[in-house]
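[1] What shape does this take:
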Amino acid sequence: MITRLVLTATLVLLPLAVLLFLFSFVSCDVRMRTEKRGCRAGTAAECVTVGVFYEGKGGGPISFLMSYSDLALSYYHRACKLESAAGCEHMVAVFEHGAEAARNPSTSLTEMADALIESCAASVKGA
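    Residues are numbered from 1 along each chain as shown. Purely as a prediction, here's the structure:
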């Protein structure tokens, strides 16, 4: 009787434990789909929104292993290239104060500097 109870509990709890474990590694990239599409289409505000989402992301049981600063930095960089002052400000702030991953970004310092210069020049030209 006890063996049957243990076997039943194992068959019920083991798949649940496996699902919870796998869920902790699932990325939230499926979220913000509309905003990501808007960013790819050239809407700077959407790029900033997605960047803020990734910059603030850090929950979950394995958050200490993951850093989304580099991903946030790439969306801010895109917004900055689209001449968004907020995007440029966020890009610099994440680079200066972000996690270690943002200090070794996939976006080069040259690309960030170029985006800042182009955005600044465009805003001066438009003023």
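[2] Show me where the protein has its helices.
    If you assign secondary structure with DSSP state H, the helices in the chain sit at 2-24, 33-40, 44-56, 69-81, 85-97, 100-103, 109-126.
[3] okay, those, which one's buried deepest?
    Of all those, helix 69-81 has the most neighbours on average by mean count of other C-beta atoms under 10 Å, namely a mean of 25. For the C-beta atoms, the positions are set from N, CA and C on the backbone; glycine is no exception.
[4] pLDDT on that helix, on average?
    Confidence over helix 69-81 (mean pLDDT, whole number) is 88.
[5] swap in stretch 8-19?
    66.
[6] before we move on, what about stretch 88-98?
    Averaging the model's pLDDT scores along stretch 88-98 yields 81.
[7] List of residues touching it?
    By C-beta atoms under 8 Å, 6 or more residues apart in numbering, the list of residues contacting stretch 88-98 from outside reads 48, 51-52, 55, 69, 72-73, 76-77, 79-80, 102-103, 105, 112, 115-116, 119-120.
[8] let's go with 10 Å and repeat that
    Outside stretch 88-98, the residues within contact range by C-beta atoms under 10 Å, 6 or more residues apart in numbering are 44, 47-48, 51-52, 54-55, 67-82, 84, 101-103, 105, 107, 109, 112, 115-116, 118-120, 123.
[9] mind listing what Tyr75 touches?
    When contacts are taken as C-beta under 10 Å, 6+ apart, Tyr75 is in contact with 32, 35-36, 39, 46-55, 87, 90-91, 94.
[10] what do you get for Lys81?
    When contacts are counted by C-beta under 10 Å, 6+ apart, Lys81 is found next to 42, 44, 47, 87-88, 91, 111-112, 114-116, 118-119.
[11] Nearest to Thr3, out of those: which one, please.
    Within the set of the contacts of Lys81, Cys47 lies nearest Thr3; the separation is 58.5 Å, counting by C-beta to C-beta.
[12] Would you mind confirming that that closest one is in contact with Ser74?
    Yes. With contact taken as C-beta atoms under 10 Å, Cys47 and Ser74 are classed as touching, separated by 9.2 Å.
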